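**Student:** sequence first, then the predicted structure:
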Amino acid sequence: MEYQQQIGGRAEIMKILGDHLLKPTIIQEANSYLKMSRQLAEIAPDCCFVYTNGELLEIRKCNSCHEPSEIMKIISMMDSDSFGNFLIMRDMAHGMNKPRIMDLKLGTRTHSDFISEEKKALHIRKSALTTTSSLGIRLCGARFTRKDDRQETQWTKGLGKTMSNEKFWNAMKIFFDIPQTQKVSVVRQLLKIRAVIESSPTHRYFGCSVLIIIDDEEECNVHTKLIDFASMARSEVDTPQYEDVDEGAMMGVNNLLQILNAQGSS
Ligand SMILES: Nc1ncnc2c1ncn2[C@@H]1O[C@H](COP(=O)(O)OP(=O)(O)O)[C@@H](O)[C@H]1O
Ligand SMILES: [Mg+2]
Ligand SMILES: [Zn+2]
């Protein structure tokens, strides 16, 4: 089944087995999940299985998880030649009647080390022209219903690319028109994300997004996670070496925190 709550991204994510998502991905993201540190896994979506090289590998089954055989059945329908890569993860919006969702691309650099020079140049140009370079964060999509509005508001990644800092700031004001307790939760979760970025100087969170999913009906339901690890880098043998904290990602999280704190009392 098509996943209705997907607001960004290229590949079409499927909703499977009620509360899980099947994301077609590339080997780099499959590997990111397979090698993920425990602390990074805590701020990433719960990834139960990774399917890669024709094999279904268990990462960390969630407490409403399903048998590998059930998942394999679905994958074999999707992927007849078995060369694909898939993530099987928990749907962060599961059970929400009125989810308020936003995807913010993090960092001042969005491209991976392993793409063509041409593609890198495109990323660099896009970054320079958008809030990616000025704020370390760019709107990639959002979907929510404003107070006293019946119609849903949808913001596309195209819109995000045209935003000045001021427009971005205003957009955040509109999105975060939520109860104070929910704002506090987002701030707390962002601080956790910042702590992980700060303590992993060998990692570069290129292309990652902060995904924020807030339930407009149940006040206690707030999830802020880091997603999309297809382009992330880490210092390993035969890869570029990174030694200091990812300042671009830190800048994005800090700016978002500043925006939230500035509206804290509203
Ligand atoms: N675990 C999840 N729970 C809920 N929604 C998710 C989850 N993972 C991804 N999504 C949705 O799918 C979109 C695309 O996911 P992402 O990992 O960024 O894919 P891509 O690599 O195609 O950019 C996100 O913007 C979000 O709306
Ligand atoms: Mg994405
Ligand atoms: Zn699971």
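**Tutor:** Thanks, I have it. Ligands and ions are numbered 1, 2, ... in the order given.
**Student:** please count neighbours and contacts with C-alpha atoms only from this point.
**Tutor:** Will do.
**Student:** what sits against Glu29?
**Tutor:** Neighbour list for Glu29: Asp228, Phe229, Ala230, Ser231 [criterion: C-alpha atoms under 8 Å, 6 or more residues apart in numbering].
**Student:** switch to 10 Å and redo it
**Tutor:** Neighbour list for Glu29: Lys35, Val50, Asn85, Phe86, Leu87, Asp228, Phe229, Ala230, Ser231, Met232 [criterion: C-alpha atoms under 10 Å, 6 or more residues apart in numbering].
**Student:** state the distance from it to Glu219.
**Tutor:** 32 Å (C-alpha to C-alpha, to the nearest Å).
**Student:** doesn't Phe86 make contact with Cys48?
**Tutor:** No. Applying C-alpha atoms under 10 Å, one finds Cys48 not in contact with Phe86, separated by 11.0 Å.
**Student:** what ranges does this structure have for its strands?
**Tutor:** Along the chain, counting by DSSP state E, strands occupy 14-16, 20-25, 47-52, 55-58, 85-90, 99-106, 137-145, 152-155, 203-204, 209-215, 222-227, 233-234.
**Student:** what angle do the fifth one and strand 47-52 make?
**Tutor:** Using axes from the mean of the first three to the mean of the last three C-alpha atoms, to 10 degrees, the inter-axis angle of strand 85-90 relative to strand 47-52 is 170 degrees.
**Student:** tabulate the CA atom coordinates of strand 85-90 in CSV.
**Tutor:** Provided in CSV are the C-alpha atoms of strand 85-90 (Å, rounded to 0.1, in the frame of the first residue of the first chain):
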residue,chain,number,x,y,z
ASN,A,85,18.0,-2.8,-1.0
PHE,A,86,15.2,-2.2,1.5
LEU,A,87,14.7,-0.9,5.0
ILE,A,88,11.9,-2.3,7.1
MET,A,89,11.2,0.3,9.8
ARG,A,90,8.6,1.5,12.2
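**Student:** please look at Ile227 and Lys105 and confirm they touch.
**Tutor:** Yes. Under the criterion of C-alpha under 10 Å, Ile227 makes contact with Lys105 at 9.3 Å.
**Student:** more neighbours: these two, which one.
**Tutor:** Between Ile227 and Lys105, counting by other C-alpha atoms under 10 Å, Lys105 is the more crowded of the two (29 against 19).
**Student:** contacting residues for that one?
**Tutor:** 131-132, 136-141, 157, 160, 206-211, 226-228, 249, 252.
**Student:** go on, Leu135?
**Tutor:** 106-108, 164-165, 168, 248-249, 251-256.
**Student:** pLDDT and distance to Gln182 for those residues - can I get that in TSV?
**Tutor:** Listed next are the contacts of Leu135 as TSV, based on pLDDT from 0 to 100; distance: C-alpha to C-alpha, whole Å:
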residue	pLDDT	distance to Gln182
Leu106	98	21
Gly107	98	24
Thr108	98	27
Ser164	98	26
Asn165	98	24
Phe168	98	20
Gly248	98	26
Ala249	98	23
Met251	98	23
Gly252	98	20
Val253	98	17
Asn254	98	18
Asn255	98	18
Leu256	98	15
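**Student:** closest residue of this structure to ligand 1?
**Tutor:** Gly9 (3.2 Å; C-alpha to the nearest ligand atom).
**Student:** which residue, other than its chain neighbours, is closest to the residue in the stretch 51-200 of the chain positioned nearest to ligand 3?
**Tutor:** Residue nearest to ligand 3 within the stretch 51-200 of the chain: Cys65 (3.6 Å; C-alpha to the ion). Nearest non-adjacent residue to Cys65, counting by C-alpha to C-alpha, 6 or more residues apart in numbering: Cys48, 7.5 Å away.
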